[in-house]
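# Can you look at this prediction? I've put the sequence above it.
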Amino acid sequence: ISMKADRKKLSEILEELLRPRNINFEEKNDYILLTPVYLITGKITDSGSGQGLPGVSVLIKGTTTGTATDSGGKFSISAKENDVLICSFIGYKTTEIQIDNRTVIDIALEEDISTLNEVVISGYTTQSKAEFTGASSRVNPENINRPVPNVIQSMAGQAAGVNVVNSGGALNAAPVFRIRGTNSIELSSYPLIIIDGVTAFTDNVGNSAENNPMSNLNPNDIESMDILKDASATAIYGSRAANGVVVITTKKGKQGAAKVTYDGWVGLNARPPRMPTLLKAADYVMIKNEAMANMGLAPGYALQEKSDGSGYVETDWLDMMYQTGVSQNHNVSVSGASNATSYFVSLGYTDQEGFMVKNTFDRTTARVNLTHKLTKKLEIGTNFSYSNSLNSNLTSGGSFSLNNLAREGMVLPQNLDPRNPDGTYNIVGN
């Protein structure tokens with residue numbers, strides 16, 4: 001190799017001489033160290049779907065030299081044999097790869113749900129958590145999908161300042177939901193619920209039976225849940241946000257080929273393990289007749305013979321009213337996205353039985369989230385959801401209401417048969 005140079009620094013001469021030949025040089029202790037530079041190529045993909053990820057940052061560790069992947073996830077970068085590549089992308093775990101004299105390196109990135117905490121959804125926009133000055137909490141999406149009838153119950157113990165207490169053991173009963181305590185004596189203290197920018201209806205839609213309209217939302221469809229706790233939320237939603245705001249965002253399709261997901265569970269709702277011990281039929285009749293005698297009345301209670309003559313009626317009302325219920329939940333979703341179109345389609349079915357008879361909850365849900373980019377500045381989309389639920393709940397009434405099933409199991413007389421000899425229910429009471 002020969003070249004002519006006039007009044008040039010040694011570093012400039014070496015730069016012109018070695019760079020075109022992919023050789024790097026470094027001055028160290030009066031020596032010049034020469035190291036080969038390789039052109040590293042490869043493809044970065046999603047570890048789940050195997051699809052290429054566009055826009056992934058590829059940086060040589062300890063330097064400012066870097067590049068980004070193209071629309072197919074491919075990249076190329078010049079590096080030395082012992083360099084380390086750092087690959088980072090929003091929503092994925094940052095990965096470091098040692099080159100080790102390789103010229104072709106394919107990398108699979110794993111999803112990192114925790115990176116969603118870097119963004120807070122406040123009102124109708126998103127803000128960096130570092131820039132957001134209000135009090136907020138985010139519920140981990142992995143903790144939302146629990147075997148409970150509605151998404152509010154899954155928030156119990158998931159965020160500071162949020163109190164969720166179940167009002168009873170009946171299926172689909174609306175829990176007591178408070179953010180930073182009770183804010184009103186006479187009016188509702190229930191927080192404002194926003195789902196994909198739309199206010200959700202949270203009032204009771206039943207009559208004497210408890211019902212919770214928030215159970216119409218399928219927990220499997222939720223991508224994120226932000227809780228806005230302080231007065232700054234009222235600047236966005238007005239006085240409705242005085243009790244706090246829960247901002248729910250449903251899932252969208254992610255870049256890559258179609259991804260089919262199934263999630264399901266089966267469980268048992270066991271009856272309470274320690275039930276009160278009640279009087280037997282003979283003891284019940286004796287106590288009642290003693291009470292009538294103390295009032296100066298003639299005895300009016302007697303044991304009832306069974307219709308087949310095999311003995312006296314001994315009815316365990318608690319055993320008739322409590323059961324071990326079987327519950328099941330199934331969800332199927334299809335999602336994906338291209339450079340222009342993103343889609344998420346899901347179907348869900350829930351069939352639950354409570355630990356008291358005739359307490360059931362059935363729900364069928366469907367959701368379609370679709371967005372399409374027409375131009376660089378114009379995007380259209382739709383969020384469509386369908387829910388059909390049937391809630392057979394227990395009438396509650398007052399604590400001494402005659403239609404309170406839990407109370408009836410402890411006050412009905414044990415000497416009465418619940419059925420007539422022909423098999424029909426005994427509704428006369430004798």
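On my side now, so go ahead. Keep in mind the model is a prediction, meaning the values are calculated, not measured.
# which stretches of the stretch 51-200 of the chain have low pLDDT?
Residues of the stretch 51-200 of the chain that meet the criterion pLDDT under 70 lie in 113-134, 149, 167-169, 183-188.
# if you set the cut-off to 90 instead, what comes out?
Within the stretch 51-200 of the chain, the segments meeting pLDDT under 90 span 51-55, 60-66, 68, 70-73, 77-83, 89-94, 99-103, 110-200.
# I'd say Leu85 and Ile60 touch.
Yes: Leu85 is in contact with Ile60 according to C-beta atoms under 8 Å; the separation is 6.5 Å. All C-beta spots, glycine's among them, are computed from the backbone N, C-alpha and C.
# Now do the shared contacts for those two.
Ile77, Ala79 (C-beta atoms under 8 Å, 6 or more residues apart in numbering).
# what about these two, which has more around it?
More crowded of Leu85 and Ile60, by other C-beta atoms under 10 Å: Leu85, with 23 against 19.
# any idea which element that one lies in?
If you go by DSSP states H and E, Leu85 is part of strand 84-88.
# Summarise which helices and strands that strand is packed against.
When contacts are defined as 3 or more C-beta pairs under 8 Å, 6 or more residues apart in numbering; DSSP states H and E, strand 84-88 sits against strand 57-60, strand 95-98, strand 107-109.
# which helices and strands sit right next to the second one?
Applying 3+ C-beta pairs under 8 Å, 6+ apart, we find strand 95-98 packed against strand 84-88, strand 107-109.
# got a list of contacts for the longest one?
Going back to what we said before, that points to strand 84-88. 40, 44, 56-62, 77, 79, 94-99, 105, 107, 109.
# give me the beta-bridge partners of the residue nearest to Ser78 when sequence neighbours are not counted?
Distance criterion C-beta to C-beta, 6 or more residues apart in numbering; nearest residue to Ser78, sequence neighbours excluded, is Val37 at 5.2 Å. Val37 has these beta-bridge partners by DSSP bridges: Lys80.
# count of neighbours near Val37?
Applying other C-beta under 10 Å, we find 17 residues neighbouring Val37.
# looking at it, it is touching Asn82, isn't it?
No: Val37 lies out of contact with Asn82 (C-beta under 8 Å); the separation is 11.6 Å.
# returning to that earlier point: distance to Leu318 for the helices and strands packed on strand 84-88 - can I get that in TSV?
Below are the helices and strands packed on strand 84-88 laid out as TSV (distance: least, C-beta to C-beta, whole Å):
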stretch	distance to Leu318
strand 57-60	64
strand 95-98	59
strand 107-109	56
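# what about these, which gets the closest to Thr199?
Counting by C-beta to C-beta, Thr199 lies closest to strand 107-109 out of those; the figure is 37.0 Å.
# In that closest one, which residues are buried?
For strand 107-109, burial by neighbour count (16 or more other C-beta atoms under 10 Å) applies to Ile107, Leu109.
# Touching the lengthiest helix in the chain from outside, list them.
Counting residues, the longest helix found in the chain (DSSP state H) is helix 281-294. Under the criterion C-beta under 8 Å, 6+ apart, residues 279, 298-304, 312-315, 413-415 lie in contact with helix 281-294.
# Asp70 and Val58 touch, don't they?
No: Asp70 lies out of contact with Val58 (C-beta under 8 Å); the separation is 11.2 Å.
# For those two, work out which one has more neighbours and name it.
Val58 (24 against 14).
# how much space between the residue nearest in space to the middle of the chain and Leu171?
Residue closest to the mean C-alpha point of the chain, counted by C-alpha atoms, centre = their mean, is Ile144 at 2.7 Å. Counting by C-beta to C-beta, to the nearest Å, the gap from Ile144 to Leu171 is 19 Å.
# circling back: show the backbone phi and psi for the residue nearest to the centre of the chain.
Backbone torsions for Ile144, taken as degrees, to the nearest 10, come to phi -80, psi -40.
# contacting residues for it?
Ile144 sits next to Val151, Ser154, Met155, Pro219, Ile222, Met225 when contact means C-beta under 8 Å, 6+ apart.
# Give the buried subset of the residues you listed as a PyMOL selection command.
A single PyMOL command selects the buried members of those (16+ other C-beta under 10 Å):
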select buried, resi 151+154+155+219+222+225
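# Please enumerate the strands of the stretch 101-250 of the chain.
Using DSSP state E, counting those that start in this stretch, the strands of the stretch 101-250 of the chain run over 107-109, 119-122, 125-128, 136-139, 162-165, 176-179, 192-195, 198-199, 222-228, 245-250.
# Save those as TSV, and put in distance to Asp422 too.
Output for those, formatted as TSV (distance: least, C-beta to C-beta, whole Å):
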stretch	distance to Asp422
strand 107-109	70
strand 119-122	62
strand 125-128	67
strand 136-139	55
strand 162-165	46
strand 176-179	45
strand 192-195	51
strand 198-199	54
strand 222-228	51
strand 245-250	53
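# To Leu14, which of these lies closest?
Comparing the strands of the stretch 101-250 of the chain by C-beta to C-beta, strand 107-109 comes nearest, at 32.6 Å.
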